[in-house]
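In: My questions concern the predicted model and sequence given below.
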Amino acid sequence: MTDKFISIEGIAKRYPGAGGATTTIFENLWLSMARGEFCCVIGHSGCGKTTVLNILAGLDAPSEGAVIVDGQAISGTSLDRAVIFQSHALLPWRTVLGNVAYAVSSKWRRWDRAKVRAHAQTFIDLVGLTGSEHKRPSELSGGMKQRVGIARALSITPKMMLMDEPFSALDALTRGTLQDEVRRICLETGQTAFMITHDVDEAIYLADKIFLMTNGPGAVLAEVVENPLPRDRGRTDLHRHPLYYALRNHIIDFLVTRSKTFAAETPDHDPRNVPMVQIGKPGLTIASNGEEQRQTWTSGTSPGLTA
Ligand SMILES: Nc1ncnc2c1ncn2[C@@H]1O[C@H](COP(=O)(O)OP(=O)(O)OP(=O)(O)O)[C@@H](O)[C@H]1O
């Protein structure tokens, strides 16, 4: 049975368009995440990934539908749901410690200064910023600023971490290091994470599940791809896993072709029972309601599954 710790239930987002028309970015979107799961969402620009993340964060409201977190419908923002932005969003006049401590004291308003600082320091240490506590954002590199954002998000011990392309502005080396740290921290703390990325390898390294969205407007969640790689995977030997290329090809094939043709080729797609693709088990999918299904793939569309 699926543990629906986070459940997106039939949400839509519409905007008024020119001449009284309405633009539907997506509608009838259903997805769920289990506690402790790391999920990445992949889809082309404009399909609505950030909109979904903002709705999960409570920064935006859906035009229809609801988001249930731990059994409760959300309304507005909450310290239970921390967001890590690409642009850091740090307070420039505060130090590293000040930025993290500010979040801590917002959550635990009765804590005294010493307790707030000690708690903040634990998370500054966790992200490897020990020694930089008294620097201001202007004195930090991009990677260090992003670490402060991660420390700040984790310090409030949220139920969920929401990340909008958190590493895309970083150089490859820093990105790799931070991916390792975020993965380690999420595994150690049992954090539930929802991350937007355009980087297929990042999704394969980090995610337990990968949500594939078709192109917008009118985007749909086409598939949920289960990552067949072991949870204790390492970055350097990822590509040696026998299913790595099948998984990678499947996602890339979706982005290159099926994200555009999905609606025409899959008229019977049921948004409430999005296929769960299990790479390495050709043709076998488990619908999100737990029922086994046989999926018919169009010839040549899914080299990963037929390899
Ligand atoms: N306030 C708004 N008014 C009208 N349209 C909007 C508004 N905000 C977003 N949109 C539209 O909604 C669509 C989805 O935007 P969103 O930022 O969620 O996409 P995305 O998949 O995250 O894209 P990217 O990968 O480029 O960040 C876009 O077409 C965008 O133009």
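Out: Alright, I've got the coordinates.

In: Tell me which residues touch the residue nearest in space to the middle of the chain, please.
Out: Taking C-alpha atoms, centre = their mean, the centroid of the chain lies closest to M195, which sits 1.8 Å from it. By C-beta atoms under 8 Å, 6 or more residues apart in numbering, M195 lies in contact with F38, C39, C40, V41, M161, L162, M163, D164, P166, A203, L206, A207. C-beta: built from backbone N, CA, C; applies to glycine.

In: Also M161?
Out: A82, I84, A153, L154, C186, Q191, T192, A193, F194, M195.

In: Please, which helix or strand holds the fifth one?
Out: By that I understand C186. Assigned by DSSP states H and E, C186 falls within helix 172-189.

In: That helix packs against which elements?
Out: Here helix 172-189 touches helix 142-155, helix 200-206, going by 3 or more C-beta pairs under 8 Å, 6 or more residues apart in numbering; DSSP states H and E.

In: give me that answer again for 10 Å
Out: strand 38-42, helix 113-126, helix 142-155, strand 160-164, strand 192-196, helix 200-206 (3 or more C-beta pairs under 10 Å, 6 or more residues apart in numbering; DSSP states H and E).

In: Distance to S106 added to these, as TSV?
Out: Converted to TSV, the helices and strands packed on helix 172-189 look like this (distance: least, C-beta to C-beta, whole Å):
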stretch	distance to S106
strand 38-42	26
helix 113-126	10
helix 142-155	10
strand 160-164	17
strand 192-196	21
helix 200-206	28
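
In: Can you tell me which of these is nearest to the ligand?
Out: When the helices and strands packed on helix 172-189 are compared by C-beta to the nearest ligand atom, strand 192-196 sits nearest the ligand, at 6.4 Å.

In: ok, the closest one: who's next to it in the sheet?
Out: If you go by DSSP bridges, strand 192-196 pairs up with strand 38-42 (parallel), strand 160-164 (parallel).

In: Can you pull the residues of the stretch 201-307 of the chain lying near the ligand?
Out: Contact residues (C-beta under 6 Å from any ligand atom) of the stretch 201-307 of the chain with the ligand: G216.

In: Please name the residues that touch the residue of the stretch 101-250 of the chain found nearest the ligand.
Out: Among all residues of the stretch 101-250 of the chain, G216 sits closest to the ligand, at 5.7 Å; criterion: C-beta to the nearest ligand atom. G216 is in contact with 13, 23-26, 43-49, 51, 259, counting by C-beta atoms under 10 Å, 6 or more residues apart in numbering.

In: do F254 as well
Out: The contact partners of F254, taken as C-beta under 10 Å, 6+ apart, are 42-43, 200, 210, 212-214, 222-223, 225, 260, 262, 277, 301-302, 304.

In: Shouldn't it be within a helix?
Out: Yes - assessed by DSSP: H, G, I helix; E, B strand; the rest coil, F254 belongs to a helix.

In: Check it and give its pLDDT.
Out: According to the predicted model, the pLDDT of F254 comes to 96.

In: residues near the nearest residue to H239 once chain neighbours are set aside, how many?
Out: Of all residues not flanking H239 in the chain, Y245 sits nearest, at 7.5 Å (C-beta to C-beta, 6 or more residues apart in numbering). Neighbour count for Y245, taken as other C-beta atoms under 10 Å: 14.

In: still on that earlier bit, possible to save the contacts of M161 as JSON lines with pLDDT and distance to the ligand?
Out: Output for those, formatted as JSON lines (pLDDT from 0 to 100; distance: C-beta to the nearest ligand atom, whole Å):
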{"residue": "A82", "pLDDT": "91", "distance to the ligand": "19"}
{"residue": "I84", "pLDDT": "89", "distance to the ligand": "15"}
{"residue": "A153", "pLDDT": "90", "distance to the ligand": "19"}
{"residue": "L154", "pLDDT": "86", "distance to the ligand": "24"}
{"residue": "C186", "pLDDT": "86", "distance to the ligand": "22"}
{"residue": "Q191", "pLDDT": "89", "distance to the ligand": "22"}
{"residue": "T192", "pLDDT": "95", "distance to the ligand": "20"}
{"residue": "A193", "pLDDT": "96", "distance to the ligand": "17"}
{"residue": "F194", "pLDDT": "97", "distance to the ligand": "13"}
{"residue": "M195", "pLDDT": "97", "distance to the ligand": "12"}
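
In: Having no further points to raise, I will conclude here.
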